[in-house]
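# have a look; sequence and predicted model below, questions after that.
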Amino acid sequence: MPLISASDLRDRLASIRLLDARQDPADYAAGHLPGAFHADLNRQLSAASDLDHDPARGGRHPLPPLARFAAQLGAWDIGPDTEVVAYDAAGGSNASARLWWMLRALGHERVAVLDGGLPAALEAGLTLTVDIPTASTLPPHPADRWRLPLVDAEAVEAIRRDPARKLMDARSPERWRGENETLDPVPGHIPGSVNLYWADNLGPDGRFKSPEALRAQYEAALGGVSPDRLAIHCGSGVTACHNLLAMAVAGLPGAALYVGSWSEWCRSSREKSGPTKDTK
């Protein structure tokens, strides 16, 4: 199961390596779960802070070099057999689902996302600390490639035109329709994509819906297409991982991630669907 409950985490805290994936380092510095390292989305879970970063090539949060991420895992004292739990304060969307996907894509088996995130942990009686854990620093995690499916813009171009395949956008319906775009320079979506908002994976309590409910939700969106014929994107390849996590909870693995997502696509000359008309 790719999720862990707050009560299970509380009972097994001493044997788990915790990673705090909240985006703002100041939130981590102000208080985090005991023993948690901070996993910075811009510096460690993507190459967004690299000097040569260009959103037109890979989007706003491109994957970091494989070797660099493998070395970072060692610096967090994560080896192949380490049990890892990632959490954030937004139901897994920023950015613990991304961290979960990256570990799984590296080949790491023992990783889960804290269901309900930090609010659920506090509700279960866990407390915060400002103490920074120390690490003995292990060797880089063994890695030779990203082992989960990835697609680039050229592959997405083919997928969106293939009736036997599906392209899914995990952004909010408003952003998908081209309304209220505040993160990327061009509003709209990739023509042919279907929209399944990442927040629809969660119940009113901020926890994931049941596997049965998620399975029904995704099977309806797939419309008979198998999960391994699906590619998922969002704005920059972060909340798309929330949908991939939800599909794993539902027992529907195999979908690919388009990391560049809308932030890369909208900066290209490829066809776009906007609020009123298609543009080139």
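Yes, it's here.
# what about the strands in the stretch 101-250 of the chain?
Under the criterion DSSP state E, counting those that start in this stretch, strands of the stretch 101-250 of the chain are mapped to 111-114, 166-169, 194-195, 230-233.
# okay, those strands in JSON lines with mean neighbour count and mean pLDDT next?
Every residue, glycine included, has its C-beta placed from N, CA and C. Shown next, in JSON lines, are the strands of the stretch 101-250 of the chain (neighbours: other C-beta atoms under 10 Å; pLDDT from 0 to 100):
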{"stretch": "strand 111-114", "mean neighbour count": "26", "mean pLDDT": "98"}
{"stretch": "strand 166-169", "mean neighbour count": "24", "mean pLDDT": "98"}
{"stretch": "strand 194-195", "mean neighbour count": "15", "mean pLDDT": "97"}
{"stretch": "strand 230-233", "mean neighbour count": "26", "mean pLDDT": "98"}
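# now those strands in CSV, please, with extra columns for distance to residue 73.
Listed next are those as CSV, based on distance: least, C-beta to C-beta, whole Å:
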stretch, distance to residue 73
strand 111-114, 10
strand 166-169, 29
strand 194-195, 33
strand 230-233, 24
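# my guess is residue 17 contacts residue 84. True?
Yes - Residue 17 is in contact with residue 84 according to C-beta atoms under 8 Å; the separation is 5.0 Å.
# what's across from the nearest residue to residue 223 once chain neighbours are set aside in the sheet?
Leaving aside its sequence neighbours, residue 223 sits nearest to residue 166 (C-beta to C-beta, 6 or more residues apart in numbering; 7.4 Å). Per DSSP bridges, residues listed as beta-bridge partners of residue 166: residue 230.
# which residues do residue 17 and residue 84 both contact?
residue 78 (C-beta atoms under 8 Å, 6 or more residues apart in numbering).
# quick one: low-confidence parts of the stretch 101-250 of the chain?
Applying pLDDT under 70 to the stretch 101-250 of the chain picks out no residues at all.
# 90 instead, please
135-137, 180 (pLDDT under 90).
# number of nearby residues for the residue nearest to residue 260 when sequence neighbours are not counted?
Nearest residue to residue 260 in three dimensions, chain neighbours excluded: residue 59, at 3.8 Å (C-beta to C-beta, 6+ apart). Neighbour count for residue 59, taken as other C-beta atoms under 10 Å: 30.
# count the residues that sit near residue 115.
Neighbour tally, residue 115, other C-beta under 10 Å: 23.
# so who does it touch?
Per C-beta under 8 Å, 6+ apart, neighbours of residue 115: 3, 4, 5, 6, 92, 207, 208.
# kindly recompute the last result at 6 Å.
3, 5, 207, 208 (C-beta atoms under 6 Å, 6 or more residues apart in numbering).
# dump the residues you listed into a markdown table; add neighbour count as well.
Shown next, in a markdown table, are the contacts of residue 115 (neighbours: other C-beta atoms under 10 Å):
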| residue | neighbour count |
| --- | --- |
| 3 | 20 |
| 5 | 17 |
| 207 | 20 |
| 208 | 23 |
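# how far away is residue 272 from residue 194?
16 Å (C-beta to C-beta, to the nearest Å).
# phi and psi next, for residue 18.
The phi and psi values for residue 18, taken as degrees, to the nearest 10, are phi -100, psi 140.
# what number of residues lie near the closest residue to it other than its chain neighbours?
Leaving aside its sequence neighbours, residue 18 sits nearest to residue 36 (C-beta to C-beta, 6+ apart; 3.8 Å). Around residue 36 there are 25 other residues, counting by other C-beta under 10 Å.
# same check on the one 3 residues further on?
Under the neighbour criterion other C-beta under 10 Å, residue 39 is assigned a count of 26.
# who touches residue 72 in this structure?
Residues counted as contacts of residue 72 (C-beta under 6 Å, 6+ apart) are residue 44.
# can you do 10 Å?
Counting by C-beta atoms under 10 Å, 6 or more residues apart in numbering, residue 72 makes contact with 37, 39, 40, 43, 44, 45, 64, 78, 102, 140, 141.
# can you classify the third one as helix, strand or coil?
Following DSSP: H, G, I helix; E, B strand; the rest coil, the label given to residue 40 is coil.
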